[in-house]
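*Asks:* sequence first, predicted coordinates after that:
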Amino acid sequence: AEFPWQKDALLLERWQSGQTGYPIVDAGMRELWQSGWMHNRVRMICASFLIKDLLVSWQQGEAWFWDTLVDADLANNSASWQWVAGSGADAAPYFRIFNPVLQGEKFDPEGKYLRRWIPELSDLPDRFIHQPWAADQDILKKAGVVLGDNYPQRLIDHHEARQRALDIFEKLKKNHLAKPDDL
């Protein structure tokens, strides 16, 4: 309840439209919009990114999934979003923050999923498909990728966002422990 959520409509819109600059997140959100479905692993990655990288409230993500998922289920959708946020009945581990690059590399090592849903990155070599910002300009040019033009720049640096979220959780934990019980 005390989490300092960002009330930034642009961040939410960029996430909803698959324009975050993180390929696995963007592929998942584009698949959701075009098909009404996405794999559970990608659901967790996208949810974690919205909540813990962008600091947008889980309720906004839950509402978007409810409106766009063809297999939406009230209990599963709500409980899953609360789990990722670390605020539900099963809130441990609240400090889990999915790394979108590592998750993409682990579950889509050759970038087949990304290439299907993000055709503008389809000519990138496998080693850069999950993090196009790491490729030098020659590689990007050869692949026809212009960051900030035909594929977005990253909205945020994940490592900085992760640390920011962990710092917030630690502060909330300390504040909670410092308060007397409300009983």
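*Replies:* Great, that's in hand.

*Asks:* distance check, the most centrally placed residue in the chain against Val146.
*Replies:* In the chain, the residue lying closest to the centroid (CA atoms, centre = their mean) is Phe49, at 2.4 Å. For Phe49, the distance to Val146 (CB to CB, to the nearest Å) stands at 23 Å. C-beta here means a position set from N, CA and C on the backbone, and glycine is covered the same way.

*Asks:* now swap in Val42 and tell me
*Replies:* From Val42 to Val146 the distance is 26 Å (CB to CB).

*Asks:* and for His176?
*Replies:* 46 Å.

*Asks:* neighbour-wise, which of the two wins?
*Replies:* More crowded of His176 and Val146, by other CB atoms under 10 Å: Val146, with 12 against 9.

*Asks:* in three-state terms, label the closest residue to Asp8 other than its chain neighbours for me.
*Replies:* Computed as CB to CB, 6 or more residues apart in numbering, the closest residue to Asp8 that is not its neighbour in sequence is Val56, at 7.0 Å. Recorded secondary structure, Val56: coil (DSSP: H, G, I helix; E, B strand; the rest coil).

*Asks:* tell me where the model's unsure across this structure.
*Replies:* The chain contains residues with pLDDT under 70 at 90-92, 178-183.

*Asks:* may I ask you to name the longest helix in it?
*Replies:* helix 158-178 (DSSP state H).

*Asks:* which of the residues in it are buried?
*Replies:* 158, 161-162, 165, 169 (16 or more other CB atoms under 10 Å).
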